[in-house]
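# sharing a model that was predicted from the sequence below.
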Amino acid sequence: MSHITTALAITMISGAVFAEQRNAGSHVHGLNHATIVLEGNRLQIAYEFPAEQLGEQGHEEHKHEEHGDKAHELSDKLEAIESVFAIVSLPENAQCKETEVTHSLTQVGVSDTKLEGHHDALIQVILECRAPENLTNLSFEPAFERFVDLEKIEVEGVMETEALSITLTSLSSSLEL
């Protein structure tokens, strides 16, 4: 039980740190964040990225539109990513199935008029894995293929009792566990 508490604390702290960095006025293009926690047969993945990555023409978020229309459109595009497997691939023999998927948008830089309307997107997923011992690697290649302006992904987490922290790029998009 203490592992779950520790894992949840790490997840919340890292999410707060990322949000604080973004709210401090930096609107970072090409940088995504992933938090991964494995406890027993339960795998949790939180994937956060600038919402303009959802636009097909790149930086679509910078167009001037009504805030409500833009947020609704971004929310629809975010929810169109129905599965975490559109962002990360896991070994099939781990037999992981999604049990819960949530999507959310957060406005960043609200105090800076230049950044008004910029959003972060967050996909949070809980997976149940029948053979978690087979989770030997995770590949974020699908994210690099999906988001053309993605340069790197900062991954942090806890896999059972081991902490992990790594920065992935399109040339090195997998992590060994």
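That came through, no problem.
# what's near enough to touch the residue nearest the centre of the chain?
Residue closest to the mean C-alpha point of the chain, counted by C-alpha atoms, centre = their mean, is Tyr47 at 0.9 Å. With contact set as C-beta atoms under 8 Å, 6 or more residues apart in numbering, Tyr47 has these partners: Asn32, His33, Ala34, Val84, Ile87, Val88, Leu122, Ile123, Gln124, Val125, Ala143. The C-beta positions use only the backbone N, C-alpha and C, and glycine is treated the same way.
# and if you look at Cys96?
Applying C-beta under 8 Å, 6+ apart, the residues contacting Cys96 are Leu43, Leu90, Leu127, Glu128, Cys129, Arg130, Leu135.
# ok, and the closest non-adjacent residue to the fourth one?
The spatially closest residue to Glu128, leaving aside those adjacent along the chain, is Thr99, at 5.3 Å (C-beta to C-beta, 6 or more residues apart in numbering).
# show me which positions of the helix or strand harbouring the one you found end up buried.
For Thr99, the enclosing helix or strand under DSSP states H and E is strand 96-107. For strand 96-107, a neighbour-count test (16 or more other C-beta atoms under 10 Å) marks Cys96, Val101, His103, Leu105 as buried.
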